[in-house]
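Engineer: Attaching a predicted model along with its sequence, questions to come.
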Amino acid sequence: MDAGPWATSESEKGLKTAEDARYYTVSIKFPEFTNANNVLVVQYSLKYTQSVDCGGAYIKLHPKGLDQANYDGDAAYNIMFGPDQCGGTKRVHAILSRGGTNHLTTKQIYPETDLFTHVYTFILRPDNTYEILIDGDSKAKGPIEDDWPILPPKQIQDPAVSKPVDWVDTKYMDDPDDKKPEGYDDIPKEIVDPEATKPEDWDDELDGDWEAPKVPNPEFKGPWRAKQIENPAYKGEWVHPMIDNPEYKPMDDLYQYASFEALGIEVWQVKAGSIFDNFFGN
């Protein structure tokens, strides 16, 4: 337990990862509950005590049956939530598990990366909406089915319709009246430097025949290409017609889990010093 720098009391101590380049697991069980017909709020605070270059700092909520003695990344969970970063990849994970598949939100939510304490909050509501907050500021919200690929899409491309074979979607074309100038391909890419002179101390017998260096030819323009003009046959970009997806079936309980019984931290960190604290759930 540690509170890190700038702490004002012992009550600010939290779980701290202590050694660099290590894998960490810890879990705790609580009385089992379900969030059916209730708002679920998951919240905790996180403080880095050194700059993070690669490592997770998320938490997991598990259903009944977690094997705490053998807790690892294969343990089934309902929700995984919190920041994760490595190199240029930085995001707040918000993963909902359904039927053995873990679905990551399609929203890009950027975590805080400084050395201050920040509070991460994830809310699931019975109307099948969600909200993610950092330090009380809303970062993402809306219908769950819009931002998690849990359900099949409501609409799909009509499989009975294809782009017409005569559809022209090339906006520009070569000008048929533009002709390559005569002798264009004979222009060399390099020419002998006209300003080069044979050094006075050059000895042909010792140094061989002197050759002037070459320089880029200012007359060389690269491969010839006809100029482009608007294509008179252009019809615009073809848009595939959409139809209702017969596989789509709405679910009114996307937010709901039958069992919550454990909270876990299961992360790898290159740089340690993350302090987890102030866990809250209801």
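Structural biologist: It's in. Because the structure is a prediction, the values reported are computed rather than measured. Numbering: from 1, shown residues only.

Engineer: Name whatever forms a beta bridge with Lys214.
Structural biologist: Counting by DSSP bridges, Lys214 forms beta bridges with Val192.

Engineer: Wait, it touches Pro194, no?
Structural biologist: No: using Cβ atoms under 8 Å as the test, Lys214 is too far from Pro194 to be in contact (10.8 Å). Placement of C-beta: from N, CA and C, glycine included.

Engineer: So for these two, which sits in the more crowded spot?
Structural biologist: Between Lys214 and Pro194, counting by other Cβ atoms under 10 Å, Lys214 is the more crowded of the two (13 against 7).

Engineer: any idea of the pLDDT on that one?
Structural biologist: Per-residue pLDDT puts Lys214 at 92.

Engineer: give me every residue that touches it.
Structural biologist: Contact analysis of Lys214 by Cβ atoms under 8 Å, 6 or more residues apart in numbering lists Glu190, Ile191, Val192, Asp193.

Engineer: excluding its backbone neighbours, what's nearest Trp268?
Structural biologist: Tyr23 (5.0 Å; Cβ to Cβ, 6 or more residues apart in numbering).

Engineer: for Met251, that is, sorry about that
Structural biologist: Of all residues not flanking Met251 in the chain, Leu151 sits nearest, at 6.5 Å (Cβ to Cβ, 6+ apart).

Engineer: Can you tell me the number of residues neighbouring that neighbour?
Structural biologist: Other residues within reach of Leu151, judged by other Cβ under 10 Å, total 18.

Engineer: and it, what does it touch?
Structural biologist: Leu151 makes contact with Glu145, Tyr248, Lys249, Pro250, Met251, Leu254, according to Cβ under 8 Å, 6+ apart.

Engineer: Among those, name the ones in strands.
Structural biologist: Judged by DSSP state E, these include no members of strands.

Engineer: and which of the residues you listed is nearest Ile123?
Structural biologist: Ranked by distance to Ile123 (Cβ to Cβ), those are led by Leu254 at 13.6 Å.

Engineer: The closest one against Asn128, yeah?
Structural biologist: Yes: the pair Leu254 / Asn128 is scored as a contact, 5.0 Å apart, by Cβ under 8 Å.

Engineer: Mutual contacts of these two, please.
Structural biologist: What both Leu254 and Asn128 touch, as defined by Cβ under 8 Å, 6+ apart, is the set Ile144, Glu145.

Engineer: With that, I have no additional questions.
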